[in-house]
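Undergrad: Let me see the structure of the following:
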Amino acid sequence: MGQNKNIRILDIGCGTGRHSIELAKRGYSVTGIDLSESMLKRSKEKAEKEKVDVDFQKADARNLSFREEFDLAIMLCEGGFSLMETDEMNYQILQNASKSLKKNGKLIFTTLNALFPLYHSVKDFIESQKQDGNTNCEESSFDLMTFREHNITSLEDDSGNKMELHCNERYYVPSEITWLLKSLNFKTIDIYGAKLGPSTGKINSQQTILKCL
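TA: Next comes the predicted model:
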């Protein structure tokens, strides 16, 4: 974006505000949306602590009211896209991200890379990434027919409440993503591979980073 501080940025699926707050600290105007009231509460507390102004709103990424308002939309660390139960709902998120952008606006997002399970075991990968903390993946399986990973994750929140999440995440191959974005009239689509952490440039890595214009 050329470090243009006059642009407006939309953070879709902002969670507790990690990216929104960092961008605001760098002088950008940011709106962060999420469906979770508890995450938005935490994001507002963090923004207040950091003394930055971010417009956090509760909203469903599948049904946004924004129309040609933002110069850049971001969905990082699967901020919504690829986490839905159906392909149709995932596509709705891309549609709404596209509608929110001004002419010549840009979209940057990450999605899980379906080429990764063709070369690696998703279950083994998750096991190898385990770290000390309050989350644990109990079960994991990957369906090559649907490109969906099903897993059960147990976690403990900051208040000590234990819960179990049944997750269903869609992986996408680059050709699928390219077709979906072209159907939304994006003209330039750049795809990068990245593992958890620094970008590696390898197409068979765990995540796919996309920059769309």
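Undergrad: Using the three-state scheme, assign the nearest residue to residue 15 once chain neighbours are set aside.
TA: Counting by C-beta to C-beta, 6 or more residues apart in numbering, the nearest residue to residue 15 once its immediate chain neighbours are dropped is residue 39, at 5.1 Å. All C-beta atoms are positioned from the backbone trio N, CA, C, and that covers glycine. Here residue 39 takes the helix state, with states given by DSSP: H, G, I helix; E, B strand; the rest coil.
Undergrad: Can you get me a residue count around residue 39?
TA: Per other C-beta atoms under 10 Å, the neighbour tally for residue 39 reads 18.
Undergrad: just the one 4 residues further on next, same as before
TA: Burial of residue 43, expressed as a neighbour count using other C-beta under 10 Å, amounts to 23.
Undergrad: How about residue 188?
TA: Around residue 188 there are 9 other residues, counting by other C-beta under 10 Å.
Undergrad: separation between the residue nearest to residue 15 and residue 144?
TA: Separation of residue 39 from residue 144 (C-beta to C-beta, to the nearest Å): 32 Å.
Undergrad: distance between stretch 80-90 and the chain's centre?
TA: 11 Å (C-alpha atoms, centre = their mean, to the nearest Å).
Undergrad: any weak-confidence spans in this protein?
TA: Along the chain, the model assigns pLDDT under 70 to residues 120-138, 195-213.
Undergrad: same thing but 80
TA: 1-2, 78-79, 117-140, 153, 155-159, 194-213 (pLDDT under 80).
Undergrad: Tell me the helices and strands packed up against the top strand by length along it.
TA: In the chain, with assignment by DSSP state E, the single longest strand is strand 101-112. Contacting strand 101-112 under the criterion 3 or more C-beta pairs under 8 Å, 6 or more residues apart in numbering; DSSP states H and E are the following elements: strand 70-75, helix 87-100, strand 207-212.
Undergrad: Could you list the buried residues of the second one?
TA: Judged by neighbour count using 16 or more other C-beta atoms under 10 Å, the buried positions of helix 87-100 are 87, 89, 90, 91, 92, 93, 94, 95, 96, 97, 98, 100.
Undergrad: need the contact list for the residue of the chain positioned farthest from its centre.
TA: In terms of distance from the mean C-alpha position of the chain, residue 160 ranks first, at 26.2 Å (C-alpha atoms, centre = their mean). For residue 160, no residue meets the contact criterion (C-beta atoms under 8 Å, 6 or more residues apart in numbering).
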